[in-house]
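K.L.:
Below is the structure, and that's it, no one-letter string:
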């Protein structure tokens, strides 16, 4: 259980890091949406290892195959199955992990839960699982283009370790995000991030940071009271990504030191629309989008895999030390940007379909 | 849609702030769990308005009635329906809100979504909806007592505005939390919080803060990869509560400034169990509980309702100012503690049942 | 588990035969649908005991209260909770059932499943549970009026025991169905049914029969491949009703003795629409409505409660005999007609909303 | 939507008749169940075309690949993805169907629903979709062996057209079913069925019939009141299979001509268990298994594809005639037997897991 997400635009991912492959089945995609493997590949290429010198050197081309649900370039309305084969698997690299629990990884907890574990490269807990999410997110984007044509969705790195970038969510574009390998659009900070990642890797250590995501021009009315509030579904989506430790929307934790008179967003009329003069709500009020920019941040811990000796125990309950082998990312943030965007697109697409189901003639 | 939560222990809440009443239906509760209205009432009393001088004076006794699913003091396995009538409704107090959108409330977004809104006291967006959650959470606790008898679940206020408490999650008890009206167990800080809340109320303003929650001695193995990670479900649960802006587990946002070598939790053998020497993971690794304390924090914004004139617009699209009437909490945190506990209990109970469904003989 | 039905228009029923009451929560009803308690009461009155001399004399007025989700005569889009109190409960009548399993009832199986059972009048297994379904079905009808204004839905008794009625599904109206107490619109047969029911009751025995249901002018395109075929969801809906033993759509079991050349429905153009010249498909092809009349039949067994001594065993595993007490229906069919209609309306409403979510511009 | 089935043991099938392939993802399978591709292949071979002279000659070996969820011969608890490639696709055979709706097929309804359709060989509506079900059913059987080791599940053909077999559900074995190509274990009738199928095919026509399925020694307590009654879920499962028109359990439609005194199943003590002396209930009372044999029947219509000229219309709304090309089954029943068994196994497995989740110590 637990490998499905969404209610109307519903995805189910599958696959371990090593084995036949990883992928996703999307059930509930509307018909007659233009879709080609290239739409998916563009996003998968942003996610794949080996894309730059600061990410894992595992050499996967991650070419996807659409097995079903698309015909003559259009979605059929039937399940879209997408498969990416595992190519560069070196399970022998991980043999030591068969017996030894890697600290702050899922080895021990999978064993505790299931009594069995594919110990090759993290198995199901590998970030490789996110391939299915990113592919599905690309499909969700195509649906959003159809139903919310003005919507823009951009994520980017705003912090790595102590290095804090300055980015304007109101104007940032994907092109700016993609112009360097960190996906931090503040060029000066990006240079320092690259240097820090390289230095940290050479020390056998790893880094964390924060990704911010903005959704501009969302339609008002997305999100369902009371459990499926838009921010609740976004929080779940983000905390389901590997290595995440926190989520905040709008003013977030900083809200807690403001008073109501400082925090509330006054309403005004602008361009004949009801707008807020500030956006501490982060685009969501009462769990429903108000038409302002949806803005949230996600905290990523430093990569658990480090090239240093660490204290741990074995499956057989013996204390030992482990020095990680295998290829890994010294900092997951550059590759996590398309994951955050994919999960956000999935949440928005699902809620857009949900709203279509119940919407009557134009509301107030 | 959106008023149900959980997969096996599944609740559906209903009700507006003003109208017949609010409540919940729990489907999936195991049979033969001892349950009395008193079990629910104890939790509802911690949530209800009018309980102390620092919360809303709305005078609701919030007496619950169990309509079904319990027989001779035990659950039947069939749906448990719980109803709390609305008593002290003064809808006329809210008549101004019929036409005017309260800033940072859900008035505008409900109108945008549905084209209609029960404008009396917040309607479905009122925190009164959480009565159903708190009642269901009390039932979930009873199930947890049965299936995870060692588990302890305690939430408490750790910060209001700038006032930061010192609390040890390893030892804090409900008795300590309940010994003052703030539900902040740091007595000295609690005194200052009371003074701050009273001063802020007299200024017509409001406050936010942070609630921390600890789950001690959870069984390892709760949580499902990959979307239903324990922290993902907790994040959704918490962000579905009114007035929340952020969630973090374990090291949280602070993790982002640590390096992997500083952040990882080494494993060791302790009392013949696999344990971690530190707990930056917050009790969850790879989305699954590892048996350490589950520790998370939730950010609450300052109450949106304030007794000051605010700029806003009407349903008719005219700019205006609004000064809130109606009774409200100057700071939601004291009453939010049982809500956080209830949502945590619901998540844990659901995952405990899920694990029972698939568990074979004792795993590793 | 198991007390919820539907995906977008989702209902959860609750309640035992004796206890606080029975009811339903509807989550997912679109907003701004006109709805009054009278809309529900009309259907509940068709279902309630004591409505005529051939049904159970239990005297319940079954007055419903709408607890939430409706405001100033319109649905809010939020959960609609409906409660009917149990009034004429005589639990002592059933005391014998505390220890003795009634043959072909659910007493033994509830005990086997849950280890506990509300033995008063059938508890959750009582047909009284269907009050929630009938109330929700009345709401579903209101939604269908909005979204499928041409649709007509009529069920009726076509057979009781060996008495077979002649009814034309193409023209039958609710008025004709309601004109006698059997809900069999073939007047001559209805007279014989009344006589048979009365004679059978006087013998302490009971009767079964068949209800047919027609949905005229449904929109084409309802039903989802492959598991949520319209006939699959209808079959589940009908077999979830108490006392049902079979379901067939269109040609049904009789199809099995035809050859393909006799059974296929040729297409033709009629009134500029694609139509079939025959309708052995029963309005559904490949699980999706084709615009022809949806026609299905449901088999009901004879009422299990009979006033004759029957061989059985006790909870304590002793063989004994039981002669039923308590009030009951000698033939459930007259009261089951509104239940069949309600379940059909729920299925259609759910699929109508599902189709709205994915529909693009006008298809072929 | 609609391509998922089950609540805890949840499958999602994908794939069109022509295209990359068909398959299934199973989410919720317990860990450490022994599973090999051979377990699946045995069932797939019973389903595949080309297996005998009375079924479709389409030559598919239907070799399955397990892409994930199995490691060293055991299930991991993670999603099991199974893929079968389409090999012998001759889409050009179907080109005529691009423009012309085949009578009593899903061509028109898919167009009406989606505005697009993979016209090659039935697309998603092809019985080829059932490959995923049969593979998943084989996995469900393995789980049932673990959790309900005494359970036996056998389906068989009891009627083709007017030819009615005599089979004893209490003793029939899979070996007897498999001993001839009709899967009708009454040898004499099977011979006549073969002759009838061959004669009918030579006339360009097709046949329907009835499959019966028995589940022996099920545990009591499976099935959830009130919507997820065991017979309701079985009815949905069966009516979701292609070409089905009816479902009945136990006494079925024949129940309707019995009186209660004739139909009720008296209880008795046998081998220290509560048993019924007759089994008109078909093993289910109040929606929950009572431990007796679960017995149900499914009606299949004659194959819609026939080699005769039929009246129909084109996508362009012109009347025309169509004579089917393509390979097809003159009678689907022999190949439908493993489909019925698979769907029954899926329902039982799901309910067995559901019952594990809530079961306390041994009930009454």
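P.N.:
Okay, I see it. Not measured: the values here are computed from a predicted model. Numbering: from 1, shown residues only, chains lettered A, B, ... in the order given.

K.L.:
Now residue A:103: closest residue in space that isn't a chain neighbour?
P.N.:
Computed as Cβ to Cβ, 6 or more residues apart in numbering or on different chains, the closest residue to residue A:103 that is not its neighbour in sequence is residue B:264, at 4.3 Å. To be clear about C-beta, it is placed using only N, CA and C from the backbone, and glycine gets the same treatment.

K.L.:
need the contact list for residue A:226.
P.N.:
A:287, B:2-3, B:13, B:124-125, B:129, B:240 (Cβ atoms under 8 Å, 6 or more residues apart in numbering or on different chains).

K.L.:
quick check, nearest of those to residue D:318?
P.N.:
Using Cβ to Cβ, residue B:2 is the member of the contacts of residue A:226 that sits closest to residue D:318, with 46.7 Å.

K.L.:
any idea how far the closest residue in space to the closest one that isn't next to it in sequence lies from residue A:358?
P.N.:
Distance criterion Cβ to Cβ, 6+ apart; nearest residue to residue B:2, sequence neighbours excluded, is residue A:224 at 2.8 Å. To residue A:358, residue A:224 is 9 Å away according to Cβ to Cβ, to the nearest Å.

K.L.:
what residues do those two have in common as contacts?
P.N.:
Joint contacts of residue A:224 and residue A:358 (Cβ under 8 Å, 6+ apart) are residue B:1.

K.L.:
Now name the helix or strand holding residue A:136.
P.N.:
Residue A:136 is part of helix A:130-147 when elements are defined by DSSP states H and E.

K.L.:
What pLDDT is listed against the closest residue to residue A:320 other than its chain neighbours?
P.N.:
Counting by Cβ to Cβ, 6+ apart, residue A:314 is the residue found nearest to residue A:320 once chain neighbours are left out, at 5.7 Å. As predicted, residue A:314 sits at a pLDDT of 96.

K.L.:
Count the residues that sit near residue A:314.
P.N.:
17 (other Cβ atoms under 10 Å in any protein chain shown).

K.L.:
Touching, it and residue A:101? I think so.
P.N.:
Yes: at 7.2 Å, residue A:314 and residue A:101 qualify as touching, with contact defined as Cβ atoms under 8 Å.

K.L.:
So which bits of the lowest-mean-pLDDT helix or strand in chain A are buried?
P.N.:
When the helices and strands of chain A are scored by mean pLDDT, DSSP states H and E, helix A:95-99 comes last with a mean of 84. Buried residues in helix A:95-99, counting neighbours by 16 or more other Cβ atoms under 10 Å in any protein chain shown, are found at A:96-97.

K.L.:
Need the phi and psi values for the closest residue in space to residue A:74 that isn't next to it in sequence.
P.N.:
Leaving aside its sequence neighbours, residue A:74 sits nearest to residue A:32 (Cβ to Cβ, 6+ apart; 5.2 Å). Reported as degrees, to the nearest 10, the phi and psi values for residue A:32 are phi 60, psi 30.

K.L.:
Next, work out how far apart residue A:32 and residue A:24 are.
P.N.:
From residue A:32 to residue A:24 the distance is 21 Å (Cβ to Cβ).

K.L.:
Between those two, tell me which one has more neighbours.
P.N.:
Set side by side, residue A:32 and residue A:24 show more neighbours around residue A:24, with 31 against 17, by other Cβ under 10 Å.

K.L.:
The helix or strand that contains the more buried one pairs with which strands, and in what direction?
P.N.:
Assigned by DSSP H and E, residue A:24 belongs to strand A:21-27. Under the criterion DSSP bridges, strand A:21-27 sits next to strand A:10-14 (antiparallel), strand A:80-85 (antiparallel) in its sheet.

K.L.:
So what sits opposite the residue nearest to residue A:320 in the bridge?
P.N.:
residue A:100.

K.L.:
Give the full set of residues in contact with it.
P.N.:
Listed by Cβ under 8 Å, 6+ apart, the contact set of residue A:314 reads A:99-101, A:320.

K.L.:
could you flag which of those residues are buried?
P.N.:
Buried members of the contacts of residue A:314, scored by 16+ other Cβ under 10 Å, are A:100-101.

K.L.:
Now flag whichever of the contacts of residue A:314 is closest to residue A:68.
P.N.:
Using Cβ to Cβ, the contacts of residue A:314 come closest to residue A:68 at residue A:101, 38.4 Å.

K.L.:
so who does the closest one touch?
P.N.:
A:107-108, A:111, A:312-315, B:267, B:274.

K.L.:
Residue A:200 is in contact with residue A:209, isn't it?
P.N.:
No: here residue A:200 does not reach residue A:209: they are 11.6 Å apart, not a contact under Cβ under 8 Å.

K.L.:
Tell me which of those two has more neighbours.
P.N.:
residue A:209 (29 against 23).

K.L.:
Quick check: the more buried one vs chain B, distance?
P.N.:
With distances taken as Cβ to the nearest Cβ, to the nearest Å, residue A:209 is found 5 Å from chain B.

K.L.:
sorry, back to before: wait, does the helix holding residue A:136 make contact with chain D?
P.N.:
No: Helix A:130-147 lies out of reach of chain D by Cβ under 8 Å from any Cβ of the partner chain, never closer than 9.8 Å.

K.L.:
which strands and helices sit next to that helix?
P.N.:
strand A:10-14, strand A:21-27, helix A:37-47, strand A:80-85, helix A:333-358 (3 or more Cβ pairs under 8 Å, 6 or more residues apart in numbering or on different chains; DSSP states H and E).

K.L.:
what would the ones you listed look like in JSON lines with distance to residue B:353 and mean pLDDT?
P.N.:
Converted to JSON lines, the helices and strands packed on helix A:130-147 look like this (distance: least, Cβ to Cβ, whole Å; pLDDT from 0 to 100):
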{"stretch": "strand A:10-14", "distance to residue B:353": "21", "mean pLDDT": "98"}
{"stretch": "strand A:21-27", "distance to residue B:353": "25", "mean pLDDT": "98"}
{"stretch": "helix A:37-47", "distance to residue B:353": "34", "mean pLDDT": "95"}
{"stretch": "strand A:80-85", "distance to residue B:353": "30", "mean pLDDT": "97"}
{"stretch": "helix A:333-358", "distance to residue B:353": "25", "mean pLDDT": "97"}
